[in-house]
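Fold the following.
(chains A, B and C)
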Amino acid sequence: MQVKQLHPWPTTTAEAEAVQDRLRGRVELTGPVDFSLVAGLDVHYHGDDALTAAVVVLDAGTMATVEEVTVRGRVAFPYVPGLFAFRELPALVEALERLPVTPDLLVCDGYGLAHPRGFGLACHLGVLTGLPALGVGKTPFVGTHEPPGPERGDWAPIVHEGAVVGRALRTQRAIKPVYVSQGHRISLDTVTDQVLRLAPRYRLPDPIRRADHLARHPG
DNA sequence: GCGACAG
DNA sequence: ATCTTGTCGC
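Numbering: from 1, shown residues only, chains lettered A, B, ... in the order given. The predicted structure follows:
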């Protein structure tokens, strides 16, 4: 699939923050509710600055894997909380460009709107591709929330600076919740529906689990 | 002011 | 993210 060009690439935190502030206005918070091809994305790190990005596309109806792509690369930016996306964006974009199909939902490992400047990895990938995107975090990042109820499907809003930016969502009974937020062209209700649907058996959505496995054990 | 801070 | 053993539960 085709992805918008990344350059110019930031070299300082101020430049990276400026990129986020500039692209933030392009995020759309409504979009489709049904998806047929869902992509999971993840990155695995080796040593100091080597990484492998993986994208797995699955059929949303059957949950069968349709396409898999891995790309080896280098860390593209130092790790700074809030600028995490710049580490892995080039490798993830290259993996998406090598995909022979265009997915209609990106399931990202990290945050979307629930981010210090409202523009996490899921927003960035959504805006660059123009595709609906959502973010799934494994630990709380910004904002505050009550613990969700214990049942699968229970959730609590994540509030940051007076606005609801995501949800703490229980995907399995009595298992630690995941932290979901909108990336691009999707509503928070649809994010919740999709993450629940894509995580029928484990805490994390299947597309992310498969991408994680692929990044660790490339073809 | 200080520490903590997605992966 | 990664460095790491055993243990509990399905």
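
A:T30 touches A:L188, doesn't it?
No - A:T30 lies out of contact with A:L188 (Cβ atoms under 8 Å); the separation is 10.0 Å. For the C-beta atoms, the positions are set from N, CA and C on the backbone; glycine is no exception.

Looking at these two now, which is surrounded by more residues?
Each of A:T30 and A:L188 has its neighbours counted (other Cβ atoms under 10 Å); A:L188 has more, 21 against 11.

State the mean pLDDT of the lengthiest helix in chain A.
Criterion DSSP state H: the longest helix present in chain A is helix A:85-97. Regarding helix A:85-97, the rounded mean pLDDT is 97.

next one: stretch A:177-189
97.

how about it: buried residues?
Neighbour-count burial for stretch A:177-189 flags A:177-188 (criterion: 16 or more other Cβ atoms under 10 Å).

who's in contact with the spatially most central residue of chain A?
Residue closest to the average C-alpha location in chain A (Cα atoms, centre = their mean): A:C108, at 1.8 Å. Residues near A:C108 by Cβ atoms under 8 Å, 6 or more residues apart in numbering: A:41, A:121-122, A:125, A:133-136, A:183.

Go through those residues and flag which are in strands.
Judged by DSSP state E, the contacts of A:C108 include A:41, A:133-136, A:183 as members of strands.

any weak-confidence spans in chain A?
Residues of chain A meeting the criterion pLDDT under 70: none.

If we use 90, what do you get?
A:5-8, A:47-48, A:174, A:219 (pLDDT under 90).

What is the neighbour count of the residue nearest to A:G120 when sequence neighbours are not counted?
Using Cβ to Cβ, 6 or more residues apart in numbering and skipping the chain neighbours, the partner closest in space to A:G120 is A:Y111 (3.5 Å). Residues near A:Y111, counting by other Cβ under 10 Å, number 31.

who are the neighbours in contact with A:Y111?
A:120-122, A:135, A:137, A:141-142, A:166, A:179, A:181.

Same check on A:L106?
A:39, A:41, A:122, A:125-126, A:129, A:131-134, A:183.

will you turn the residues you listed into TSV that also has distance to DNA strand B?
Output for the contacts of A:L106, formatted as TSV (distance: Cβ to the nearest atom of the strand, whole Å):
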residue	distance to DNA strand B
A:A39	16
A:L41	10
A:A122	7
A:L125	10
A:G126	12
A:T129	16
A:L131	17
A:P132	17
A:A133	12
A:L134	12
A:G183	10
